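Engineer: What would the 3D arrangement of this be:
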Amino acid sequence: MESFTPLTAALGGSLIGLAAAVLWLGNGRIAGISGIFGQLLPPAHTIVWRLVFLIALVVATFATAKLLPGLGSTPTLVQAPAAWNVPTPIWLAIAGLLTGLGTRIGNGCTSGHGVCGLARLSLRSLVAVVVFFGVAIITVAITGVV
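Structural biologist: Coordinates of the predicted model:
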C-alpha cells in the first residue's frame, strides 16, 4: 500500500462503478465477475456479452497501463509465506481454487456483492461483504501476507 493515492483510488472506483452501471442499465445484468466468468462453461446462450465484457476488462486495463504508465504502481506477484514451506505457484493455485469455491458458495464475488449488491441495498450482499472482509482480516493475521 505504499503507492496508494486518493486520486487514483477515486478514479478507479468511479470507473468500476461506471462499468457496473453501464452493464446493468444496458444489459440488465449484474457485473459480478465470478458469475460472468462462471457461466462461460458450459456455454450459455448469453456467451457473447460475457466474452465481450471480460475481453474489454482485460484490454482496457492493458491499454490504460500502456497509455498512462505513471497512473498506478507496478503489480508484483505475492510470495507464499516462507514459514509454510509451500511453493508460490501451489500457494496461488490453492488460493484461486478456494476463492472460486467461496464465490460459488456465496453466490457471487466482491464485485457482484460489494459494488452492485450494496448499490442495490441488498441485505444478502451486505452480509457477504462483511464475511469477505472478516475472512480477509483473519487471513492476513494468520499468514502475515499483505
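Engineer: can we go C-alpha only for contacts and neighbour counts from here?
Structural biologist: Fine.
Engineer: any idea where the strands of the chain begin and end?
Structural biologist: Applying DSSP state E to the chain gives no strands.
Engineer: can you give me the helices in it?
Structural biologist: Counting by DSSP state H, the chain has helices at residues 6-27, 33-38, 47-67, 88-105, 118-119, 123-143.
Engineer: what's the offset of the third one from the middle of its chain?
Structural biologist: This points to helix 47-67. Its chain's C-alpha centre and that of helix 47-67 lie 14 Å apart, by CA atoms, centre = their mean, to the nearest Å.
Engineer: what does the longest one give?
Structural biologist: Distance of helix 6-27 from the chain centroid (CA atoms, centre = their mean) equals 13 Å.
Engineer: how far off helix 47-67 does it point, in degrees?
Structural biologist: 160 degrees (axes from the mean of the first three to the mean of the last three CA atoms, to 10 degrees).
Engineer: What count of nearby residues applies to Ala93?
Structural biologist: 11 (other CA atoms under 10 Å).
Engineer: Reformat the helices of the chain as CSV; add mean pLDDT.
Structural biologist: Converted to CSV, the helices of the chain look like this (pLDDT from 0 to 100):
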stretch, mean pLDDT
helix 6-27, 85
helix 33-38, 80
helix 47-67, 86
helix 88-105, 86
helix 118-119, 86
helix 123-143, 89
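Engineer: Dump the ones you listed into JSON lines; add distance to Ala80 as well.
Structural biologist: Output for those, formatted as JSON lines (distance: least, CA to CA, whole Å):
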{"stretch": "helix 6-27", "distance to Ala80": "27"}
{"stretch": "helix 33-38", "distance to Ala80": "24"}
{"stretch": "helix 47-67", "distance to Ala80": "25"}
{"stretch": "helix 88-105", "distance to Ala80": "5"}
{"stretch": "helix 118-119", "distance to Ala80": "32"}
{"stretch": "helix 123-143", "distance to Ala80": "9"}
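Engineer: So which of those is nearest Ser111?
Structural biologist: helix 33-38 (6.5 Å; CA to CA).
Engineer: Spit out the contact partners of Trp91.
Structural biologist: Ala80 (CA atoms under 8 Å, 6 or more residues apart in numbering).
Engineer: quick one: it from Val78, how far?
Structural biologist: For Trp91, the distance to Val78 (CA to CA, to the nearest Å) stands at 10 Å.
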